[in-house]
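A.B. asks: Sequence unavailable; structure follows:
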């Protein structure tokens, strides 16, 4: 059966391309945006059909000698198509109002449409060739989108270079890994992979390569270095797509590898995944909590969330290796729940950041402030999504971390000492991550939206156009809706991963029968409402008698008129934390004190400078890059531009060939 | 089916609202007496609340809705805590377990509300308090989760009511080393989370050392009343949690007049004992430097982690 909805997606992509080419510049965004959105909606439809088991296939008739090229989404692939489609649909709407300058060009719109479609086709692929084709198409179009604003800011070029290098590294590792599997199975079909019994050496090698390859795509430490560069420099709707959707395909690859192809039942695979995940989660959120660039903060928070997903996956592998299957299933469910929750809140947060950037021209939190009254819709949407990112109750983020923690605390048992030690540490790491995430998002929201503007541009900020507001509110609504109806998501997850121990008893309740725990956030909401009523009633009665009185000045401990420069900034907000963790963050601080000329005891001015760099940049990548450059420099000695040297080289080469042939 | 837990929750909330200001009064009075002062009397917090409630709040330019809504969110989150934690009895809602993660999540809602109130006015002190408050909250979270996790290991459930039930049924488990370790680390975490000595000095008025007080500097009138009530409720709910775990006797196991009456009375007794103990200890403690607090918290985290790991390894033996 031909999968018509996949075909429809492809046709919609062609439509988007032609609209982008034909439409006059004035109406280009208005006409192309909805088509891009439609691609996303078609992806949601296709994905849901695949999750519920009604899917066809789309064989692509091309004559390359590598084997068949077929797209036929599995239930798991369908789940990811669903997530990506929803993100694509929201970003398509948002882009209508957001794009300006080079992001509104034909090239950008075409790249955007192809990018969204390619991301939809990666999880639909049913064989290696189809997978790699879609994967590379996704990588190329995303690189075009990252480089969009290269003429405006020089940092874009560096970011794009890092992104391309890391994404090619990822492609290379995935290619070799899948190549090894194809050779071992004698086929490029995923269906054959699933049925093959691997020998240990092949499986181990392929596992390490694939985990690193997919890890690089999803931004796992130490391969995360492109995230904090590419996400801030890309246009915000592209950042949202990359962070909320593209990165998830790395997770998809890792799940596919460990639970379907290789069916990981080796303990150390799980330990490796868990360790990668734990380090990424803690390091990512630590960097996010001290950075003051809003989009860089969100990028590091992506590393954190991806880390939590790897952690869940690793825990599932370890538990399955020990035969604790019911709990392993809920760990997989936690991973999939994190995927969809992160997609929802991170889309909204990046779109909110874009809205701030567009209105104020700033993405440095130290220069923002007071946007709550100037941009109320952005403020509400960003605030709700930040609650989700901080995993507070009644949001999707909370439910996903709840499922994760429940699987971790029920996973450890007395049977295996490694489990008895790793699971508590993982719980501690998840808790620390959650605590730091809370601080990070209180900082992001509080500094950007509350208090008073810290720069000129910020004080003139205006609310964004209607399409952006709709997209942001839609994203925020999904964060809350999924938090209140976890049963729906649990149902989809149970179908997608084929697990029976996680189920929904009604749309409101998630039931982890593997660990005997249920959660119904609706009851928490009901309880909250019951308790709110008397408090608000009292407050209203008192407020009627004594209304608020406006005063000219904030109290400020009796200080005089407070200038906006005296407010806490994002940097000062995170200062205690950067001091506590300075062993792992290694901030560079310069304090220059100029004394008054009259007396040494009087200080004229103090300059304080702080630079926070990524430890992995300076400790890992700088040595590698300088090593490669040294090799390049020594190779240059061979190329000195003298023609007789080159003749000598070819003569020697010729001789060597002759000698080799004669052997 | 939901009537019994709802009734119990209602009784817990009412009891806590009645007890909390008295509890704060007791702590202040004990402290005054030990320091050789006369003290304002046990009823002073009630009188303070009544006074503040009657005053109008001031609104400085640039202040947003957070200033009015934040305090109410704090009070409501503290009230939810009072309803969820087993204080008078151990009957939980069926779909809403008094699960440790849910309880911590609700606690953090209050933390966030308070931190945003601190940032709202844009004064330097508010931001400072908010920043310190969130830093401490971030570092406390691992200890809270892992220490209750340690207590949950023997029964295989993270629901607080089931943990308390088990401790009532087998009091011997409370004296087990694992349980003691976990209780100590939980107590340290609670002290930090509720801004008590040695992490924060609740009665300080020196701006540079304040954490909690710095955040509420800009609030006045009924906003301040709600903030004070919310923080006190939070303190007494967490003390109640420790009390329920350490001295679980007298809990109502069913919803009937006599057990409930006993439950309420023992709750009052437990809270009074803990409050006096806390106040007495606080007199002899000096506030820690802010950057020594992480060491304290790291220590308590290690205790909690040890408790969990030992609890698994001792089961094997």
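C.D. replies: Okay, I see it. Everything quoted here is computed from the prediction, not taken from an experiment.
A.B. asks: Now do stretch A:558-573: everything it contacts.
C.D. replies: Contacts with stretch A:558-573, where a contact means CB atoms under 8 Å, 6 or more residues apart in numbering or on different chains, come from A:292, A:365-366, A:369, A:443-444, A:446-447, A:451-454, A:553-554, A:556, A:610, B:119, B:122-124, B:126-128, B:130-131, B:134. In short, each C-beta sits where N, CA and C put it, glycine included.
A.B. asks: Got a ChimeraX select line for the buried ones in the residues you listed?
C.D. replies: Of these, the buried ones go into a single ChimeraX selection, burial set by 16 or more other CB atoms under 10 Å in any protein chain shown:
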select /A:292,365,366,369,443,444,446,447,451,452,453,454,554,556,610 /B:119,122,123,124,126,127,128,130,131,134
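A.B. asks: so of the contacts of stretch A:558-573, which ones are in helices?
C.D. replies: When those are checked against helices (DSSP state H), the matches are A:443-444, A:446-447, B:119, B:124, B:126-128, B:130-131, B:134.
A.B. asks: Mind telling me the two of the residues you listed farthest from one another?
C.D. replies: Farthest pair in those (CB to CB) is A:444 and B:124. Separation: 19.6 Å.
A.B. asks: Report the separation between the residue in chain B positioned nearest to chain A and residue A:574.
C.D. replies: Distances between chain B and chain A by CB to the nearest CB are smallest at residue B:127, namely 2.4 Å. Distance from residue B:127 to residue A:574, counting by CB to CB, to the nearest Å: 11 Å.
A.B. asks: Quick check: pLDDT value at residue 161.
C.D. replies: Chain wasn't specified; assuming chain A. The per-residue pLDDT reported for residue A:161 equals 93.
A.B. asks: oops, I was thinking of chain B
C.D. replies: The model reports residue B:161 with a pLDDT of 88.
A.B. asks: For the residue lying closest to residue A:461 once chain neighbours are set aside, list the residues it contacts.
C.D. replies: Spatial nearest neighbour of residue A:461, excluding adjacent residues (CB to CB, 6 or more residues apart in numbering or on different chains): residue A:359 at 3.9 Å. By CB under 8 Å, 6+ apart, the residues touching residue A:359 are A:371, A:374-375, A:378, A:461-464.
A.B. asks: Mind pulling up the pLDDT for residue A:359?
C.D. replies: The model's pLDDT for residue A:359 equals 92.
A.B. asks: Show the buried residues in the contacts of residue A:359.
C.D. replies: A:371, A:374-375, A:378, A:461, A:463-464.
A.B. asks: least confident pick among those?
C.D. replies: Lowest pLDDT within those is found at residue A:461 (88).
A.B. asks: Tell me the secondary structure at that one.
C.D. replies: coil (DSSP: H, G, I helix; E, B strand; the rest coil).
A.B. asks: Is it in contact with residue A:360, as I believe?
C.D. replies: Yes. Proximity of residue A:461 to residue A:360 meets the contact threshold set by CB atoms under 8 Å, at 4.3 Å.
A.B. asks: overlap in contacts of the two?
C.D. replies: Counting by CB under 8 Å, 6+ apart, the shared contacts of residue A:461 and residue A:360 are residue A:371.
A.B. asks: from the buried ones among the contacts of residue A:359, which single one is nearest residue A:79?
C.D. replies: Using CB to CB, residue A:378 is the member of those that sits closest to residue A:79, with 30.0 Å.
A.B. asks: List the single closest residue to that closest one in space, sequence neighbours excluded.
C.D. replies: Using CB to CB, 6+ apart and skipping residues adjacent in sequence, the residue nearest residue A:378 is residue A:355, 4.5 Å away.
A.B. asks: neighbours around that neighbour, how many?
C.D. replies: 29 (other CB atoms under 10 Å in any protein chain shown).
A.B. asks: Then residue A:639?
C.D. replies: If you count neighbours by other CB under 10 Å, residue A:639 ends up with 10.
A.B. asks: Pull up the gap between it and chain B, please.
C.D. replies: Shown here: residue A:639 relative to chain B, a distance of 55 Å by CB to the nearest CB, to the nearest Å.
A.B. asks: Mind jotting down where the strands sit in chain B?
C.D. replies: Here chain B has its strands, by DSSP state E, at B:58-59.
A.B. asks: In it, where is pLDDT below threshold?
C.D. replies: Scanning chain B for pLDDT under 70 picks out the ranges B:1, B:95, B:315-317.
A.B. asks: Give me the helices and strands touching the longest helix along chain B, please.
C.D. replies: Ranked by residue count under DSSP H, the longest helix found in chain B is helix B:3-34. Packing partners of helix B:3-34 (3 or more CB pairs under 8 Å, 6 or more residues apart in numbering or on different chains; DSSP states H and E): helix B:44-54, helix B:66-84, helix B:221-246, helix B:257-283.
A.B. asks: To residue A:97, which of these lies closest?
C.D. replies: That would be helix B:66-84 among these, by CB to CB, at 27.5 Å.
A.B. asks: Show me what the closest one is packed up against.
C.D. replies: Under the contact criterion of 3+ CB pairs under 8 Å, 6+ apart, helix B:66-84 touches helix A:521-545, helix B:3-34, helix B:100-120, helix B:221-246.
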